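S.K.: What follows is a predicted structure for the sequence shown.
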Amino acid sequence: MRPTNLLRRAIRRLQLTTKQVNGGYYKGTRSGAMGRHTKHGQYIIDWGKVRTYVVPDLKGFLLSPFVTKKMEPTRGEFPGSSPLDGKTFLENWKRVNGED
């Protein structure tokens with residue numbers, strides 16, 4: 001059973017995945033190399049390929065950030081200690097799930 005010619009043309013236009021081709025196909029991440037590898041296993045950065053972002057002068061800029069600076073700090077579910085504290089975590093787990 002073969003797909004119709006119309007379907008075959010549509011499939012041909014879709015992007016290839018690594019499962020559709022043999023083992024030599026590497027899709028990549030479109031990030032580009034910023035240097036090169038040496039024969040000794042080191043990596044030398046080519047500073048001409050490194051991305052640099054030019055930030056414009058923002059003095060007198062009228063837009064504000066999305067987060068307001070007037071908001072008071074909020075308290076978490078773990079008063080008096082860190083959420084990474086094991087004792088507090090177990091107490092909270094027992095309170096939510098009940099003791100066995």
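M.R.: Great, that's in hand. None of these values were measured; they are calculated from a predicted model.
S.K.: contacts and neighbour counts: CA atoms only from here.
M.R.: OK.
S.K.: Report the secondary structure state of the closest residue to Thr38 other than its chain neighbours.
M.R.: In space, and not counting its chain neighbours, Thr38 is closest to Ile44: 7.3 Å by C-alpha to C-alpha, 6 or more residues apart in numbering. With DSSP: H, G, I helix; E, B strand; the rest coil as the basis, the three-state label of Ile44 is strand.
S.K.: pLDDT on the top helix by length along the chain, on average?
M.R.: Taking residue count as the measure and DSSP state H as the definition, the longest helix of the chain comes out as helix 86-97. Confidence for helix 86-97, expressed as mean pLDDT, is 81.
S.K.: give the contact list for the residue nearest to Thr38.
M.R.: Gly35, Arg36, His37, Thr38 (C-alpha atoms under 8 Å, 6 or more residues apart in numbering).
S.K.: just Leu62 next, same as before
M.R.: If you count contacts by C-alpha under 8 Å, 6+ apart, Leu62 has none.
S.K.: So, low pLDDT: which residues of the chain?
M.R.: Residues of the chain that meet the criterion pLDDT under 70 lie in 1-3, 6-14, 65, 75-84, 100.
S.K.: Pick out the residue closest to the middle of it.
M.R.: Against the mean C-alpha coordinate of the chain, by C-alpha atoms, centre = their mean, the closest residue is Thr29 at 12.2 Å.
S.K.: Remind me which helix or strand Arg36 belongs to.
M.R.: With secondary structure defined by DSSP states H and E, Arg36 is part of strand 35-37.
S.K.: That strand: partners in the sheet, and parallel or antiparallel?
M.R.: Taking DSSP bridges as the criterion, strand 35-37 sits next to strand 43-45 (antiparallel) in its sheet.
S.K.: Please enumerate the helices of the chain.
M.R.: Taking DSSP H to define them, one finds helices in the chain at 5-13, 86-97.
S.K.: and Phe89, how many neighbours?
M.R.: Residues near Phe89, counting by other C-alpha atoms under 10 Å, number 15.
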